[in-house]
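Student: no sequence on this one, just coordinates:
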């Protein structure tokens, strides 16, 4: 004799699967709270871009050095307020 699951059991399973999916989605979205900062460092006195300038993010170990055209890129920067110095 083959028995089939009841409608209420199927509904409960579907609800649990949906809740688990939402929980995983929300958790995954919260872990993506980082970004990228990129730019160029300019010497305002002579108008030239700086090579090998060190750029850091306070409170982290993140740092980058500018290339020959003054460009830098920092990845995985935590979300939050920022202020240039």
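Tutor: Now that the structure is in, tell me what you want to look at. From a predicted model like this one, the values you see are computed outputs, not experimental measurements.
Student: Show me the strands in this structure, by range?
Tutor: Remark: strands assigned in the chain by DSSP state E are 34-40, 42-43, 48-49, 54-56, 63-65, 71-78.
Student: Now those strands in TSV, please, with extra columns for mean pLDDT and mean neighbour count.
Tutor: In short, each C-beta sits where N, CA and C put it, glycine included. As requested, the strands of the chain are exported to TSV (pLDDT from 0 to 100; neighbours: other Cβ atoms under 10 Å):
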stretch	mean pLDDT	mean neighbour count
strand 34-40	92	12
strand 42-43	93	12
strand 48-49	94	12
strand 54-56	94	13
strand 63-65	95	14
strand 71-78	93	13
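Student: Could you point out which residue ranges in this structure have low pLDDT?
Tutor: 1-32, 84-85 (pLDDT under 70).
Student: Where do the helices of it begin and end?
Tutor: 7-31 (DSSP state H).
Student: ok now do the residue lying closest to residue 71 once chain neighbours are set aside, which residues does it touch?
Tutor: Spatial nearest neighbour of residue 71, chain neighbours left out: residue 40 (5.2 Å); criterion: Cβ to Cβ, 6 or more residues apart in numbering. Listed by Cβ atoms under 8 Å, 6 or more residues apart in numbering, the contact set of residue 40 reads 49, 66, 69, 70, 71, 72.
Student: Could you find the closest non-adjacent residue to residue 75?
Tutor: In space, and not counting its chain neighbours, residue 75 is closest to residue 36: 5.0 Å by Cβ to Cβ, 6+ apart.
Student: isn't the one you found right up against residue 73?
Tutor: Yes - using Cβ atoms under 8 Å, residue 36 is in contact with residue 73, at 6.6 Å.
Student: Please enumerate the shared neighbours of those two.
Tutor: By Cβ under 8 Å, 6+ apart, no residue touches both residue 36 and residue 73.
Student: which parts of stretch 43-62 are buried?
Tutor: For stretch 43-62, burial by neighbour count (16 or more other Cβ atoms under 10 Å) applies to 50, 53, 55, 57.
Student: Good, wrapping up.
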